[in-house]
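Visitor: Sequence below, structure please.
(one chain, ligands or ions: 3)
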Amino acid sequence: MNGMASLGKWLKLALLAGAAALTAVAPYQATAGSAKPMLERGKGEQCVEDTQFMRRNHMDLLKHHRDDTMRKGIRTTKHSLKGCIECHASTKTGSVAAGKDDFCASCHIYTAVKLDCWDCHATKPMKKPAAAANIPSAVSAGTGSNPLAPVQAGGKTQ
Ligand code: HEC
Ligand code: HEC
Ligand code: HEC
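Guide: Ligands and ions are numbered 1, 2, ... in the order given. This next block holds a predicted model:
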């Protein structure tokens with residue numbers, strides 16, 4: 001795992017970008033009157049909750065969800081961090097926090113919130129485990145010339 005290394009890099013980036021944002025943001029705010037940076041819109045029709053609600057309360061959703069998962073072993077997908085990343089990964093970097101314009105990072109740099117999440121959690125959607133999913137068929141196909149092999153393998157419950 002190179003999570004620590006990339007977190008270090010990210011923090012450095014965040015600090016640099018934060019410093020830059022202090023000077024760069026003022027005119028944007030003055031002209032646009034907006035209290036947030038430009039955010040890439042998430043995938044799909046809408047967020048997991050009302051957008052306004054998400055702006056204010058996403059941290060609580062994530063923390064509660066984490067507490068539920070870690071302490072009670074409950075796993076729901078509705079407020080999962082993986083879900084956030086699936087929908088909010090940048091089309092440019094493929095990540096929510098690799099670059100200063102990425103979804104989670106840009107807003108947090110702007111508001112000077114630092115997350116330790118990326119210490120352990122990937123900032124990019126997981127690749128579909130296609131190779132792993134293919135192993136059973138690859139194994140039965142690998143038995144090669146015997147035409148009965150796939151049938152026998154398929155019938156096994158193990
Ligand atoms: C020290 C390592 C570590 C840190 C730091 C950390 N997590 Fe986790 N987190 C885990 C592990 C381990 C799991 C359980 C395995 C899994 O589901 O990936 C988990 C699971 C979760 C889950 C449930 C699974 C999912 O994808 O929804 C959420 C939500 C979550 N963490 C959010 C956070 C948030 C938000 C932060 C930052 C504030 C954070 N975590 C920081 C290790 C960490
Ligand atoms: C199914 C895709 C999807 C998932 C999953 C998802 N989002 Fe969203 N999210 C969106 C879309 C689309 C919008 C824009 C909605 C709008 O413009 O009204 C959005 C908006 C937001 C906003 C407001 C952005 C702004 O413009 O101010 C925040 C904050 C947010 N999401 C955080 C999260 C977090 C945190 C998670 C995980 C708990 C998450 N989202 C999961 C699609 C998703
Ligand atoms: C619209 C701006 C915005 C976006 C987009 C955004 N955040 Fe936040 N986030 C904030 C603000 C502001 C806070 C601090 C709120 C507070 O302290 O009350 C925060 C706090 C958090 C916290 C709690 C940190 C702590 O130490 O208490 C977590 C966890 C978090 N955000 C996760 C995420 C994740 C993951 C994403 C991307 C999927 C994301 N946020 C996107 C604005 C945003």
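Visitor: residues from the chain in reach of ligand 2?
Guide: For the chain, the contact set with ligand 2 under C-beta under 6 Å from any ligand atom comprises 36, 39, 41-44, 46-48, 51, 54-55, 58, 61-62, 79, 83-84, 86-88. C-betas here are computed from N, CA, C, even on glycine.
Visitor: Those in strands, which ones?
Guide: Taking DSSP state E as the definition of strands, the residues of the chain next to ligand 2 contribute nothing to them.
Visitor: Find the nearest non-adjacent residue to A98, please.
Guide: Excluding its sequence neighbours, the residue lying closest to A98 (C-beta to C-beta, 6 or more residues apart in numbering) is T123, at 5.7 Å.
Visitor: ok, the one you found - contacts?
Guide: Residues touching T123, when contacts are defined by C-beta atoms under 8 Å, 6 or more residues apart in numbering, comprise 10, 85, 89, 95-98, 102, 104.
Visitor: who wins for most neighbours among those residues?
Guide: In terms of neighbours by other C-beta atoms under 10 Å, those top out with A97 at 29 neighbours.
Visitor: pLDDT wise, what is that one at?
Guide: At A97, the model reports a pLDDT of 96.
Visitor: now this structure, which segments are flagged as low pLDDT?
Guide: Along the chain, the model assigns pLDDT under 70 to residues 1-36, 75-76, 128-158.
Visitor: What subset of the residues of the chain next to ligand 2 is buried?
Guide: Buried residues within the residues of the chain next to ligand 2, defined by neighbour count using 16 or more other C-beta atoms under 10 Å: 42, 47-48, 58, 61-62, 79, 83-84, 86-88.
Visitor: Rebuild those as TSV, extending it with distance to ligand 1.
Guide: What follows is those, written out as TSV (distance: C-beta to the nearest ligand atom, whole Å):
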residue	distance to ligand 1
G42	16
C47	15
V48	11
H58	9
L61	8
L62	4
H79	7
G83	7
C84	8
E86	10
C87	13
H88	13
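Visitor: Mind checking which of these land in helices?
Guide: Within those, membership in helices is found for 58, 61-62, 83-84, 86-88, as judged by DSSP state H.
Visitor: ok, which of those residues also contact ligand 3?
Guide: Restricting these to those near ligand 3 by C-beta under 6 Å from any ligand atom leaves 58, 62, 84, 88.
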